[in-house]
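Participant: sequence and predicted structure, then a few things I'm wondering about:
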Amino acid sequence: MRRATLLFCLLALTLGPRLPVAADGIMLVQAGSFWMGRDDGAPEEAPLHRVFVADVWIERHKVTNAEFAAFLNAHGRTTPAGDRRYDWDDDDARIHQRGGRWLPDAGFEQHPAVEVSWFGARDFCAWRGRRLPTEAEWEKAARGDDRRPYPWGAAPPAPHLAVFGRPYNATERGDARPAGAGPSGVEDLLGNLREWTASALRAYPYHVDTGFPAWDGRGAQGRTVVRGASHDDAVATLHVATRRSYDRRGAAAGHHFVGFRCATSEDLGEMAPGRR
């Protein structure tokens, strides 16, 4: 009995605490302050400053072509206002209509979805009962509270950690590199595809009392923020604090290097057997 107890304790120490995870793989990024931005990057990424983020659940993986095809079959390729949700006629698209249904191209079913506009990403997340994450939520999921430059820590980017430095359109499955996950267990944050957020581009520092600026999709608030890195980004450009942005015209189009994932502020604790 003592030997069995000792083995169990050693195993627990080796594995560490179980990360809170809901039944469908969405991960809890626990509330708290973290260091956002950096002082050694582009001007819009400065200054490095403390930001508080409430509890948020963020999907472990980016939305796949198979998942987005199901949404297109349910709701169509354009919004009621006429905005494209998906650039179906772009050569880079990996979802096409066959036999009257939207289907992912063979071999790309589990790759993260490309050519999805900001409007398509927003509507998909709403269909799932969720929303796009803010850029502060995204960065906290990628960074934790130790100022790390990469989701996995301070080690330089490597092929087993992230998909980067690839040829044009050379995406991969988003669940193939768990070693590159952030401190909350969210994977594929830096590489493969950049990601749409719900945020409008605003100068730092952020202040919780004034709220995080949301982009309204109508262009009245300028530009929406894109986070992360793409499969064809160079290693020198990879950093969790990197900010990119699009005006309304850019957000209304899909891109071969932009994907997305969903988030929710709803308490999913009962769904999370690993939560303590």
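Facilitator: Received, thanks. Residues are numbered from 1 along each chain as shown.

Participant: alpha carbons only for contacts and neighbour counts from here, please
Facilitator: Fine.

Participant: so where's the stretch 101-250 of the chain uncertain?
Facilitator: Applying pLDDT under 70 to the stretch 101-250 of the chain flags residues 209-211, 219-221.

Participant: strands of the stretch 1-150 of the chain, start to end?
Facilitator: Taking DSSP state E, counting those that start in this stretch as the test, the strands found in the stretch 1-150 of the chain are 26-29, 32-36, 49-53, 56-59, 95-98, 101-104.

Participant: now do the third one against strand 32-36: the angle between them, please.
Facilitator: Spelled out, that is strand 49-53. 140 degrees (axes from the mean of the first three to the mean of the last three CA atoms, to 10 degrees).

Participant: strand 49-53 packs against which elements?
Facilitator: In this structure, strand 49-53 makes packing contacts with strand 32-36, helix 135-143, judged by 3 or more CA pairs under 8 Å, 6 or more residues apart in numbering; DSSP states H and E.

Participant: repeat that for the fourth one.
Facilitator: Secondary-structure packing of strand 56-59 (3+ CA pairs under 8 Å, 6+ apart): strand 26-29, strand 263-264.

Participant: about what we covered before: quick one, which of the helices and strands packed on strand 49-53 is packed in tightest?
Facilitator: Comparing the helices and strands packed on strand 49-53 by mean neighbour count (mean count of other CA atoms under 10 Å), helix 135-143 ranks first with a mean of 26.

Participant: between that one and strand 32-36, how many degrees?
Facilitator: 90 degrees.

Participant: got the end-to-end distance for stretch 238-249?
Facilitator: With CA to CA, to the nearest Å applied, stretch 238-249 spans 25 Å between its terminal residues.

Participant: how far is it from where the chain is centred?
Facilitator: Its chain's average C-alpha position is 12 Å from that of stretch 238-249, according to CA atoms, centre = their mean, to the nearest Å.

Participant: pull out the buried positions in that stretch.
Facilitator: Using 16 or more other CA atoms under 10 Å as the test for burial, stretch 238-249 gives 238-248.

Participant: now, the residues you listed that are in helices?
Facilitator: residue 248 (DSSP state H).

Participant: tell me which of the helices and strands packed on strand 56-59 sits most buried.
Facilitator: Burial of those is given as mean neighbour count (mean count of other CA under 10 Å); strand 26-29 ranks first at a mean of 26.

Participant: what is it packed up against?
Facilitator: Partner elements for strand 26-29 (3+ CA pairs under 8 Å, 6+ apart): strand 56-59.

Participant: which neighbours does the strand it packs on have in its sheet, and in what orientation?
Facilitator: Next to strand 56-59 in the sheet, as set by DSSP bridges, lie strand 26-29 (antiparallel), strand 263-264 (antiparallel).

Participant: okay, those strands in a markdown table with distance to residue 92 and mean pLDDT next?
Facilitator: Below are those laid out as a markdown table (distance: least, CA to CA, whole Å; pLDDT from 0 to 100):
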| stretch | distance to residue 92 | mean pLDDT |
| --- | --- | --- |
| strand 26-29 | 28 | 96 |
| strand 263-264 | 26 | 97 |
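
Participant: bridging residues for residue 227?
Facilitator: Residue 227 forms beta bridges with residue 195, residue 243, as assigned by DSSP bridges.

Participant: can you give me the strands in the stretch 151-276 of the chain?
Facilitator: Under DSSP E, counting those that start in this stretch, the stretch 151-276 of the chain gives strands at 194-200, 224-227, 243-246, 258-259, 263-264.

Participant: all good on my end, thank you.
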